[in-house]
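Using only what follows, build the 3D model:
(chains A and B)
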Amino acid sequence: MAAKETVDPQSNPSIRIEEGTGHSQFVFSGSFTIHHGLPDLPDCNKIAGESPTRVTAVGNDIDYWDSSLVMCLQRIRRELDSKGVELELTGFPQSIDPLLARASSSSAEPLVEAKSKESLISNLGDMGINRYAGFRNLLIFFGETLQSLGRLFRGKAIFQRSDLTSLLWENTGRSVGIVFLISFLTGLILAFVGAIQLSKFGADLFVADLVAIAMFREMGAMMTGVILAGRTGSAFAAQIGSMKANDELNALQTMGVSAFDFIVLPRLTTLAIMMPVLAFLAALSGILGGMLVSVGFMDITATQFLTQTANAIDLNSFLSGILKSVVFGAIIAITGCFRGMAAGSSAESVGSAATSAVVTSIVLIIVADALFAVLFNIYGI
Amino acid sequence: MSGIELKIRPGEIFFIMGGSGSGKSTLLKTLIGLIEPVSGEIFYGDKKFTDDDPETSSAILRNTGVLYQGGALFSSMTLLENVALPLRIHTKLPERDILELAEYKLNLVELGTALQKFPHEISGGMMKRAGLARALALDPEILFFDEPSAGLDPLTSAQLDETILELNRSLGTTTLIVSHELESIFTLAHRAVFLDAASRRQMEVGDPRELKLNSTHEEIRDFLSRKKPNGDA
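Numbers count the residues shown, from 1 in each chain, chains lettered A, B, ... in the order given. All right, here's what the predicted structure looks like:
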């Protein structure tokens, strides 16, 4: 057998019918390869209509052949079988018979229709059940994490201190640049937009208040949270998803080590520690951006801007931003780790886990921020 | 690696064997173009396999099939779709014919009842067989296997060996297998090359049954007899 790469037009496959007394013959000639394509099959209805009991397929004139020949014979045999006519082979290569036998060995199922269609209600029901299961799993995960924190405070959590230090560097050292840049630009934009409106009332100097309060209370923590959700949350999900696929989580379990202590806790701790630091840096860089606009484009000196800024920031603004950043850090860590642990074993599911970690983190950060806004309003903070 | 000089005969089952780190997989990857050799030439028949002629190299590769160690099935596709993929890319067959051919290939490896399964839904042995079906999709003249028995239990490994042997007899495909599984070597191999782990050089080529008894290298005799270097079994 040889599969020809280049198609020889002189040896296109053909099957012709030769009639004899009492029986018919299918004569195969030419090259039967997948590159020639499967030829038109003879009309088995016509043959069966003449009531033969057997049909002979003759293969002496075949040049080259591969699976294409097996497919043709299988289709013809199937058609004739359904009409109670037997197909005999003569002159074919010796290896055709075992290949034909294997080709017929599956339970014949329709190939084209892979999935049956389900009703809309059924799909909605499945979606609801999956959402509920996902929410329930998240609550369980949250509970396990709290238990792990309890072990940490009692000094009984098992994890590697080296993981803490490497994660600290990964989460902060490498994030400083992008947090600074994004926050600087955010402060710049706030100053530009604020200046336009404030200048109508001759209150240009209050741009400093606007930027300082916005950055410390809201944007510092928010922008840092969004950046780290994309950068760190997705990395957590991908790392843990790969560990799961590699049976590393199972290995921890059989060693008697809690995956929550060993994997989730270091990540939660580092983000809870470093998010406030980064949020503070973000606030400062935002103020720097605002100052650049004020000094460069408005009639405000740097001294005026900084004095106004210092007067605008109070302890409530500062602490509310810090508190939010701690909560946002916990959200990112828990969501990233949860998605990673819930990932399947395939490459696709690890990728999906990373994506959904980002989306879920950002949504939860915004929800948390809204809740904080309501709470602070109620308590006058 | 150096000193590699091999001539593989059409239709034979040829093993590349040696200890861990001897360069078996490196040699295989070089033969299929994943690694570029520093020097030397590779010929498929009378066609030179080289980066300087990508068209010829692509045509050569389309005539080969590779079964990777883990099967390398695409996780987002069913087994049927995995096997159909090369047919869709490299032939102009209508969809119905492609699906039927893909089903036929899966039947050849006794996976006809798992057409719509995804890779994560089947066992390691089934993944290997599905990978083999995909390697056979374009009716290649040459098949490469990278440690086909890795991760398989003895029974599944024996079944896979039987499938490889039957396919070789039915299809006449030249088969190159990287392996250090002695059971497979003695069951399947017509000839084999032994690579030395220390020097990463070719030591000897021949029928493994003869090498076991008559090889001029003690390491080869020990390897094939499963003896430790001090002579204990």
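
For chain B, which residue occupies the most central location?
B:Phe145 (1.5 Å; Cα atoms, centre = their mean).

bridging residues for that one?
Taking DSSP bridges as the rule, B:Phe145 bridges to B:Leu67, B:Ile177.

got the domain boundaries for chain B?
For chain B, the structural domains run B:1-63+B:141-233, B:73-139, going by automatic domain parsing.

I'd like the mean pLDDT over the longest one, please.
This points to domain B:1-63+B:141-233. Taken as a whole, domain B:1-63+B:141-233 has a mean pLDDT of 87.

now the domains of chain B in TSV, with distance to A:Val363?
From N, CA and C alone the C-beta is placed, and that goes for glycine too. What follows is the domains of chain B, written out as TSV (distance: least, Cβ to Cβ, whole Å):
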stretch	distance to A:Val363
domain B:1-63+B:141-233	40
domain B:73-139	26
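
so which of the ones you listed is the most packed in?
Greatest average neighbour count among the domains of chain B goes to domain B:73-139 (a mean of 20), per mean count of other Cβ atoms under 10 Å in any protein chain shown.

Now do the same contact list for the residue in the stretch 201-350 of chain A that chain B sits nearest to.
Proximity to chain B, evaluated over the stretch 201-350 of chain A using Cβ to the nearest Cβ, is greatest for A:Ser346 at 3.5 Å. By Cβ atoms under 8 Å, 6 or more residues apart in numbering or on different chains, A:Ser346 lies in contact with A:245, B:75-76, B:119-120.

In three-state terms, label the residue of chain B found nearest chain A for me.
In chain B, the residue that lies nearest chain A is B:Gly112 (2.3 Å; Cβ to the nearest Cβ). The local conformation at B:Gly112, judged by DSSP: H, G, I helix; E, B strand; the rest coil, is coil.

Check A:Gly376 and give its pLDDT.
No, residue A:376 isn't Gly; it's Phe. For A:Phe376, the pLDDT comes out at 91.

I should have written A:Leu319 there, sorry.
A:Leu319 carries a pLDDT value of 93.

Ok, the one 4 residues further on next?
Listed pLDDT for A:Leu323 reads 95.

so who does it touch?
Taking Cβ under 8 Å, 6+ apart, one finds A:Phe372 in contact with A:Leu323.

quick one: buried residues of the host helix or strand of it?
Using DSSP states H and E, A:Leu323 sits within helix A:315-342. Residues of helix A:315-342 classed as buried: A:317, A:320-322, A:324-342 (neighbour count, 16 or more other Cβ atoms under 10 Å in any protein chain shown).

so how far is that helix off the chain centroid?
Centroid separation between helix A:315-342 and its chain, computed with Cα atoms, centre = their mean, to the nearest Å, is 22 Å.

Who are the packing partners of the following helix or strand past that helix?
The first helix or strand that comes after helix A:315-342 along the chain, using DSSP H and E, is helix A:347-379. Under the contact criterion of 3 or more Cβ pairs under 8 Å, 6 or more residues apart in numbering or on different chains; DSSP states H and E, helix A:347-379 touches helix A:220-228, helix A:234-245, helix A:315-342.

ok, now with 10 Å
Using 3 or more Cβ pairs under 10 Å, 6 or more residues apart in numbering or on different chains; DSSP states H and E, the elements in contact with helix A:347-379 are helix A:120-153, helix A:220-228, helix A:234-245, helix A:315-342.

Looking only at it, what residues are buried by neighbour count?
Neighbour-count burial for helix A:347-379 [16+ other Cβ under 10 Å]: A:348-350, A:352-354, A:356-358, A:360-362, A:364-365, A:368-369, A:372.

Just the C-alpha atoms of the longest helix along chain B, please, in CSV.
Scanning chain B for the helix with the most residues, using DSSP state H, yields helix B:154-171. Written as CSV, here are the backbone C-alpha positions of helix B:154-171 (Å, rounded to 0.1, in the frame of the first residue of the first chain):
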residue,chain,number,x,y,z
PRO,B,154,1.4,-4.3,31.5
LEU,B,155,-1.9,-5.6,30.1
THR,B,156,-2.8,-2.4,28.3
SER,B,157,0.8,-2.1,27.1
ALA,B,158,0.6,-5.6,25.7
GLN,B,159,-2.7,-4.7,24.0
LEU,B,160,-1.1,-1.7,22.4
ASP,B,161,1.8,-3.7,21.2
GLU,B,162,-0.6,-6.1,19.6
THR,B,163,-2.4,-3.3,17.9
ILE,B,164,0.9,-1.9,16.6
LEU,B,165,1.9,-5.3,15.3
GLU,B,166,-1.4,-5.9,13.5
LEU,B,167,-1.4,-2.5,11.9
ASN,B,168,2.2,-3.0,10.7
ARG,B,169,1.2,-6.3,9.2
SER,B,170,-2.0,-5.0,7.6
LEU,B,171,-0.8,-1.6,6.5
